[in-house]
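Enquirer: Predicted model follows, preceded by the sequence.
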Amino acid sequence: MSLVVFSVTGYGWSQYETLLTGIGRSDAIRGDAPKSVGGDTNILIMGLDSRLDGNGKPLPPEIYQALHAGDEQVGGYNANVLMLVHLPGNGSRATAISIPRDDYVSLPGSPDGVAKGKIKQAYGFAFDQEHKRLMAAGVSDQATLEQRSRDAGRQEQVDTVAQFLGGVPIDHFVEVTMVAFYQLAQVVEPITVCLKEDTRDNYSGADFHRGYQQINAAQAVAFVRQRRDSVHTQLNFSDLDRERRQQAFIASLVFQLKQAGTFLNPSRLRELISVAKQNIAADTGFELLSFAEQASALTGGNISFTTLPIVRFGTDPAGEDVNIVDVPAVQALVHNLIGGPIPTPVAAAPAPVSGSQSGIVDVINATSRNGLAAALEHALTPTGFTAGVTSTARHHRNDTTIYYPDSGAAEAAKTLATMLGELPTARDSTVSTGHLRVVLGTDFTMPASLGTADSTAAGDSSPPPATAATPGAGQPSAADPDSISGAGVQCVK
């Protein structure tokens with residue numbers, strides 16, 4: 001027994017040391033940046049829209065063919081995937097927050113002279129600015145140009161996300177290129193996913209049927225990239241649907257890693273480490289062994305996913321499509337989900353135009369009843385109130401309360417409170433102008449006048465375990481409309 005323990009421990013330590021000496025490292029996290037407290041950790045995952053390897057060199061032709069995303073001339077240095085993963089120090093449920101890539105935000109460093117742009121562009125603008133500066137200074141070594149320019153991009157991207165989310169600390173980052181995602185998927189394939197409808201997209205190469213199915217690495221790239229349907233146009237895909245796909249993929253992946261015992265399999269572990277050393281980068285302070293211990297519970301499904309809301313689709317001054325966002329509302333939601341600094345009240349963005357004068361109702365589900373927030377939003381639709389954003393609270397609470405932003409909204413809050421059964425109301429400056437926020441506690445019962453809650457609120461909506469799913473087996477069940485749970489394979493659009 002002692003010999004076995006010694007051998008396994010020795011193997012694991014040697015592999016860990018190999019990983020430490022081979023993975024790309026960066027000083028992009030500022031030394032004076034705020035840090036999480038209480039043992040919490042916030043990690044920003046950046047998916048880089050680059051068809052190049054970690055050193056800026058073209059990939060082999062067979063890789064481009066598998067990616068179905070063009071060659072080295074396509075793409076660039078935009079952070080097309082941005083996800084903040086919050087790991088509580090007390091071991092409670094983790095939270096992953098997807099940030100839509102086209103959110104129109106302020107760029108703190110004004111890279112390339114651009115003060116405001118799509119949040120994904122922060123990396124590329126800063127990369128370009130630093131690359132030109134280095135060239136002008138006489139730096140000609142390609143590897144040096146690539147890595148120092150990427151470090152500038154990483155730092156600007158981290159700073160932009162932190163500012164947008166209300167000053168939340170970003171302790172670490174992990175940068176994953178498109179080829180790295182493909183290579184990681186090769187190690188763990190097949191991956192089980194579930195779709196609500198048949199779908200096909202010539203642009204991304206997606207071609208999937210309804211229900212549970214197992215996909216390979218090339219199909220996995222198409223699955224997380226799809227944002228249109230060239231056959232079933234009624235599906236009306238958008239970038240927000242792609243965020244949901246990415247969340248569902250990760251939820252399925254962490255579940256399958258546990259089922260397959262990947263981290264106890266030396267051969268698969270070695271393959272994962274090999275991929276990480278090629279095309280993945282992390283900050284120099286990211287202690288991977290400590291992270292592995294903290295994140296081990298995630299493979300048991302102890303994580304939920306949320307996508308940040310947008311107000312509407314719009315255009316920027318240059319005519320490019322962007323997501324118009326209510327920054328105070330986003331920051332309040334993030335604070336509710338993961339804590340951190342209390343957002344400083346600022347002038348809220350104009351409320352979206354609506355035919356209703358009663359206000360926009362955002363609902364936070366602070367109960368264990370899945371789908372309750374979405375059910376309430378649906379029930380309120382014919383009452384004159386406008387459906388807003390639904391989300392799931394980090395912790396359960398007993399009492400239901402309606403919050404309003406200022407005295408001008410007090411009457412609307414009272415009307416809604418009466419409609420929902422004489423609920424208490426309270427003023428809260430973090431609620432956006434034109435909005436009401438309903439936080440549902442365990443005492444909440446759907447009034448008979450509004451109908452009953454959706455059936456998904458009554459029980460567990462998780463599909464069968466991934467190991468039992470086979471291509472074509474079964475049909476999608478209703479997923480939790482409020483957030484994706486990491487408990488298994490989730491059915492998505």
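Expert: Received it, and whenever you're ready, just let me know what you need.
Enquirer: Buried residues in stretch 320-337, which are they?
Expert: The neighbour-count check on stretch 320-337 (16 or more other Cβ atoms under 10 Å) flags 322-337 as buried. For glycine as for every other residue, the C-beta is placed from the backbone atoms N, C-alpha and C.
Enquirer: and the lengthiest strand in the chain, average pLDDT?
Expert: Scanning the chain for the longest strand, with DSSP state E as the assignment, gives strand 75-87. The pLDDT scores in strand 75-87 average 86.
Enquirer: returning to what we had before: right, and the pair among the buried residues of stretch 320-337 with maximum separation?
Expert: Using Cβ to Cβ, the buried residues of stretch 320-337 span at most 25.0 Å, a distance reached by Val322 and Asn336.
Enquirer: what about the helix or strand containing Leu240, distance to the chain center?
Expert: Leu240 is located in helix 239-260, with elements delineated by DSSP states H and E. Here helix 239-260 is found 10 Å from its chain centre; the criterion is Cα atoms, centre = their mean, to the nearest Å.
Enquirer: likewise stretch 154-164?
Expert: Using Cα atoms, centre = their mean, the offset of stretch 154-164 from its chain centre is 15 Å.
Enquirer: List the buried residues in it.
Expert: Across stretch 154-164, burial judged by 16+ other Cβ under 10 Å covers Arg154, Gln155, Glu156, Gln157, Val158, Asp159, Thr160, Val161, Ala162, Gln163, Phe164.
Enquirer: Please apply the same query to stretch 394-404.
Expert: Result for stretch 394-404 [16+ other Cβ under 10 Å]: buried residues Arg394, Thr400, Thr401, Ile402, Tyr403, Tyr404.
Enquirer: I'd like the next helix or strand past the helix or strand Met46 falls within.
Expert: Using DSSP H and E, Met46 maps to strand 41-50. Counting by DSSP H and E, the element after strand 41-50 in chain order, helix or strand, is helix 61-67.
Enquirer: mean confidence score for that following helix?
Expert: Helix 61-67 comes out at a mean pLDDT of 74.
Enquirer: Next, name the residue at the spatial heart of the protein.
Expert: The centroid of the chain falls nearest to Ser98 when counting by Cα atoms, centre = their mean (2.2 Å).
Enquirer: quick one: pLDDT of it?
Expert: 90.
Enquirer: OK, contacts around it?
Expert: Contacts for Ser98 (Cβ atoms under 8 Å, 6 or more residues apart in numbering) come out as Leu82, Met83, Glu243, Gln246, Gln247, Phe305, Thr306, Thr307, Leu308.
Enquirer: got a markdown table for the residues you listed, with neighbour count and distance to Thr390 too?
Expert: Formatted as a markdown table, those follow (neighbours: other Cβ atoms under 10 Å; distance: Cβ to Cβ, whole Å):
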| residue | neighbour count | distance to Thr390 |
| --- | --- | --- |
| Leu82 | 25 | 21 |
| Met83 | 21 | 19 |
| Glu243 | 23 | 15 |
| Gln246 | 23 | 19 |
| Gln247 | 26 | 15 |
| Phe305 | 25 | 13 |
| Thr306 | 23 | 9 |
| Thr307 | 23 | 11 |
| Leu308 | 26 | 12 |
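Enquirer: what ranges do the helices span in the stretch 1-150 of the chain?
Expert: If DSSP state H, counting those that start in this stretch is used as the criterion, the helices of the stretch 1-150 of the chain fall at 2-22, 61-67, 121-136, 142-164.
Enquirer: and the second one, what does it pack onto?
Expert: In this structure, helix 61-67 makes packing contacts with helix 178-188, helix 217-225, judged by 3 or more Cβ pairs under 8 Å, 6 or more residues apart in numbering; DSSP states H and E.
Enquirer: Pick out the shakiest of those, pLDDT-wise.
Expert: Among the helices and strands packed on helix 61-67, helix 178-188 carries the lowest mean pLDDT, at a mean of 80.
Enquirer: which residues of this structure score low on pLDDT?
Expert: Counting by pLDDT under 70, the ranges of the chain that qualify are 1-22, 51, 54-55, 68-75, 257-266, 268-269, 276, 288-301, 340-358, 451-488.
Enquirer: Kindly report the domain assignment for it.
Expert: According to automatic domain parsing, the chain comprises the domains 23-341+474-493, 342-457.
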